[in-house]
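Q: sequence and predicted model, in that order:
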Amino acid sequence: MLIRIPSSAEVATSEITSPRALERFNARRSLLKAGSGSAAFATGAGWLANAQAQTIMQAPSTSTGAKLAAKTSPFSTPEKATPYKDVTTYNNFYEFGLEKDDPSKNAGALKTRPWTIAVEGQVNKPRSFDIEELLKLAPLEERIYRMRCVEGWSMVIPWIGIAMSELIKRVEPNGNAKYVEFITLADNKQMPGLRSSVLQWPYTEALRLDEAMHPLTILGLGLYGEVMPNANGAPARLVVPWKYGFKSGKSIVKIRLTEKQPITSWNRAAPHEYGFYSNVNPQVDHPRWSQATERRIGEDGFLQKKRPTLMLNGYADQVASLYSGMDLKKFF
Ligand code: MTE
């Protein structure tokens with residue numbers, strides 16, 4: 001199932017890791033197939049006003065059914081949102097398998113209540129936040145963002161969430177805090193993909209503190225007007241729209257502020273291919289494929305004309321200043 005022939009526009013999931021790791025993974029692979037979530041229609045919030053009501057009619061089997069009201073945001077793109085079905089069934093969430101449809105098939109039973117996120121490290125007020133508290137911590141906002149995967153595909157997703165800064169400022173970072181590490185759930189009982197050695201678990205990612213505090217960075221709590229589907233990283237995930245999608249860890253259980261730059265999952269697995277920054281940059285090719293263009297999921301299948309990838313995924317006006325003086329080719 002992992003072996004398929006990608007078009008030049010798309011890189012197979014299996015190619016983003018080393019062949020040796022994949023061999024090991026294939027040898028051990030024995031993924032459980034569980035049911036997916038309940039069937040219901042998404043009814044959405046502000047994204048309706050975005051003239052994309054057609055996407056609402058695609059009765060998603062992955063729908064959580066639980067609605068979230070959110071205010072619109074000036075940070076949202078007016079681009080057409082990727083259909084709900086694609087957003088929730090074409091996923092990367094290796095804890096549930098390597099195929100794009102594995103998370104929607106296998107993550108349905110993930111227990112997302114009760115759920116807490118511990119925030120600790122270089123802070124004056126370390127503490128845990130219950131998911132119900134996070135949902136009320138700040139007014140929920142809808143952020144319609146482009147998402148560019150390092151594999152060469154992209155989506156436009158109407159996320160719902162709160163600014164990550166709202167969470168971080170409550171624990172009061174101290175003078176030593178320079179980075180923020182995001183540690184995600186690794187539960188053998190619930191996550192069949194953990195049997196693989198494709199990555200070292202738990203999946204961890206990290207940002208510089210100023211990146212985490214940037215207004216575009218959100219703690220994603222939902223999408224398309226409802227609580228986060230399990231396949232997309234329920235109940236809370238990172239969303240950093242100017243970086244490749246793998247920076248956005250799903251199902252976060254711990255956030256740690258650190259003085260030293262943390263080691264991250266993909267950087268550890270393949271340091272020459274996945275840097276710490278991983279900013280979307282069409283001028284820096286992946287060692288094994290070009291990053292100049294991308295395929296927009298949900299648009300005309302494999303025959304579609306690829307669109308050019310934008311510097312910092314089109315968010316350069318907002319975030320380029322974070323990297324002034326840095327060589328973005330060196331700091332990939
Ligand atoms: N988070 C965890 N915990 N496990 C993963 O495998 N995959 C990453 C990222 N976050 C991943 C993860 C990758 S490679 C991408 S492209 C995005 O999640 C995909 O998010 P989506 O499936 O919601 O589009």
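A: Perfect, thanks for sending it.

Q: show me where the chain dips below the pLDDT cut-off.
A: Along the chain, the parts satisfying pLDDT under 70 run over 1-61, 301-302.

Q: return the nearest residue of it with respect to the ligand.
A: Closest to the ligand within the chain is G245: 2.8 Å, counting by Cβ to the nearest ligand atom. Using the backbone N, CA and C atoms, a C-beta is placed for each residue, glycine as well.

Q: surely that residue touches N92?
A: Yes - using Cβ atoms under 8 Å as the test, G245 is close enough to N92 to be in contact (6.9 Å).

Q: list the residues that contact both of those two?
A: Residues touching both G245 and N92 (Cβ atoms under 8 Å, 6 or more residues apart in numbering) are C149.

Q: tell me how far stretch 103-118 lies from the chain's centre.
A: Offset of stretch 103-118 from its chain centre (Cα atoms, centre = their mean, to the nearest Å): 15 Å.

Q: can you pull the residues of the stretch 1-150 of the chain lying near the ligand?
A: With Cβ under 6 Å from any ligand atom as the criterion, the stretch 1-150 of the chain comes near the ligand at residues N91, N92, F93, Y94, E95, C149.

Q: go again using 5 Å as the cut-off
A: Residues of the stretch 1-150 of the chain lying close to the ligand (Cβ under 5 Å from any ligand atom) are N91, N92, F93, Y94, C149.

Q: mind putting these into a markdown table with neighbour count?
A: Shown next, in a markdown table, are those (neighbours: other Cβ atoms under 10 Å):
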| residue | neighbour count |
| --- | --- |
| N91 | 25 |
| N92 | 21 |
| F93 | 25 |
| Y94 | 23 |
| C149 | 21 |
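
Q: could you list which of the residues you listed belong to strands?
A: The members of those all map outside strands under DSSP state E.

Q: dump those to CSV, plus distance to L257.
A: Converted to CSV, those look like this (distance: Cβ to Cβ, whole Å):
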residue, distance to L257
N91, 28
N92, 26
F93, 25
Y94, 26
C149, 27
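
Q: would you state the strands of the stretch 101-250 of the chain in chain order?
A: With DSSP state E, counting those that start in this stretch, the ranges of strands along the stretch 101-250 of the chain come out as 116-121, 127-130, 141-148, 153-163, 179-184, 204-208, 218-223, 226-227, 237-239.

Q: which residues does K247 contact?
A: Neighbouring residues of K247 by Cβ under 8 Å, 6+ apart: E205, L207, L238, V240, S278.
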